[in-house]
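Participant: attaching a predicted model along with its sequence, questions to come.
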Amino acid sequence: MQKNLVEISHMSFSHENGKPVFDDVDIVIPSGKITAIMGPSGTGKTTLLRLIGGQLIPSQGKIVVAGQTIHQLSSRALYKLRKRMGMLFQASGLFTQLNVFENVAFALREHTNLSESMIHTLVMLKLQMVGLRGAAYMEPTALSGGMARRVALARAIALDPDLIMYDEPFTGQDPISMGILVRLIRTLNEALGLTSVIVSHDVQEALSIADHVYVISNKKIIGSGTPKEILDNSSRQLQQFIQGLPDGPVPFDYPANSMEQDFL
């Protein structure tokens with residue numbers, strides 16, 4: 001196994017409108033570990049996942065996934081590499097016209113030539129892993145938010161990916177569902193030998209399961225290390241985010257004209 005499944009070096013990225021999102025960022029995602037990408041809303045955390053998945057191309061620098069420079073791959077090669085990635089979307093992203101079983105089976109039908117009996121076995125095994133084998137034939141509209149997130153997780157691991165990316169997995173979850181997800185992410189990572197990237201602004205939950213943490217703000221990495229190193233870091237900007245402080249280097253007000261310009 002490669003020491004680092006993802007290596008991002010000197011990466012910068014700007015949107016088409018010219019607004020910069022990242023400026024000379026270096027990030028390493030070690031194989032077999034859980035890496036949390038944290039930071040305030042609007043700092044580009046989800047954009048980072050899209051860059052790793054090859055949906056976006058960096059303005060400068062390099063993104064290497066499983067030894068391949070992802071933004072230099074052909075469409076065919078990128079399609080093949082993406083089979084080794086799983087994604088848990090922020091809003092679960094279940095197909096509402098398909099029941100739970102068919103949602104999880106979708107990738108198996110799309111990317112393999114397995115028999116129906118084998119697909120049935122694999123789907124039931126994945127649902128068992130997330131505690132929802134008994135919900136296999138329920139419709140997505142009948143699921144609670146926590147159950148829908150777990151079905152989406154079962155779908156994300158259907159092809160036994162090397163890398164799974166979680167986009168704000170804890171958002172909108174009640175305390176019980178959140179606790180279940182935290183435990184599932186850690187258990188699945190260890191049981192399946194996954195490499196996991198969690199994008200989140202939920203400090204307590206992300207720090208509780210991450211092996212390594214990056215904190216992004218203002219286009220830069222403002223902190224990285226183990227959860228303990230992040231908590232012990234003396235940076236005022238980092239501690240403002242970690243502790244949820246209203247006052248600090250990050251202002252409450254979005255940049256605007258002076259009061260005189262707008263009101264007088």
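Facilitator: Perfect, I can see it now. Residues are numbered from 1 along each chain as shown.
Participant: tell me if I'm right that H15 and V21 touch.
Facilitator: Yes - look at H15 against V21 with Cβ atoms under 8 Å: they come within range, at 6.5 Å. All C-beta atoms are positioned from the backbone trio N, CA, C, and that covers glycine.
Participant: neighbour count: the two, which is higher?
Facilitator: Neighbours were counted for H15 and for V21 using other Cβ atoms under 10 Å; V21 has more, 21 against 12.
Participant: now that one, what's its secondary structure?
Facilitator: Using DSSP: H, G, I helix; E, B strand; the rest coil, the secondary structure recorded for V21 is strand.
Participant: please name the nearest non-neighbouring residue to it.
Facilitator: G44 (4.1 Å; Cβ to Cβ, 6 or more residues apart in numbering).
Participant: roughly how far apart are that neighbour and A36?
Facilitator: Distance of G44 to A36, computed by Cβ to Cβ, to the nearest Å: 15 Å.
Participant: cool, M138 as well?
Facilitator: Where A36 is concerned, M138 sits at a distance of 31 Å (Cβ to Cβ).
Participant: between the two, point out the one with more neighbours.
Facilitator: Of the pair M138 and A36, A36 is the one with more neighbours under other Cβ under 10 Å, namely 26 against 15.
Participant: which ones are touching the more buried one?
Facilitator: Neighbour list for A36: 197-200, 206-207, 209-210, 212-214 [criterion: Cβ atoms under 8 Å, 6 or more residues apart in numbering].
Participant: closest one of those to V25?
Facilitator: Taking Cβ to Cβ as the measure, Y214 is the one of the contacts of A36 closest to V25, at 8.8 Å.
Participant: Three-state assignment for the closest one, please.
Facilitator: Taking three-state DSSP as the rule, one finds Y214 in the strand state.
Participant: who's it bridged to?
Facilitator: With DSSP bridges as the criterion, Y214 is bridged to I37, S224.
Participant: neighbours around it, how many?
Facilitator: Other residues lying near Y214 total 25 when counted by other Cβ under 10 Å.
Participant: from L108, how far out is the residue nearest to V21?
Facilitator: G44 is 33 Å from L108, by Cβ to Cβ.
Participant: ok, now S59?
Facilitator: Taken as Cβ to Cβ, the spacing of S59 relative to L108 amounts to 37 Å.
Participant: of these two, who's got more company?
Facilitator: In this view S59 and L108 are compared by other Cβ under 10 Å, and L108 has more residues nearby, 19 against 14.
Participant: identify the residues contacting the more buried one.
Facilitator: Residues 114, 119, 122-123, 158-159 are the ones in contact with L108 under the rule Cβ under 8 Å, 6+ apart.
Participant: including distance to R76 and pLDDT, could these go into CSV?
Facilitator: Compiled in CSV, these are given as follows (distance: Cβ to Cβ, whole Å; pLDDT from 0 to 100):
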residue, distance to R76, pLDDT
L114, 22, 93
I119, 25, 95
L122, 25, 95
V123, 27, 95
A158, 22, 90
L159, 17, 90
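Participant: quick check on those: which are buried?
Facilitator: Among the contacts of L108, those buried by neighbour count (16 or more other Cβ atoms under 10 Å) are 119, 122-123, 158-159.
Participant: if the residue nearest to the spatial centre of the chain is in a bridge, with which residues?
Facilitator: The centroid of the chain falls nearest to Y166 when counting by Cα atoms, centre = their mean (2.7 Å). Judged by DSSP bridges, the bridge partners of Y166 are L88, I198.
Participant: low-confidence ranges in the chain?
Facilitator: Low-confidence segments of the chain, defined by pLDDT under 70, are located at 1-2, 245-255, 264.
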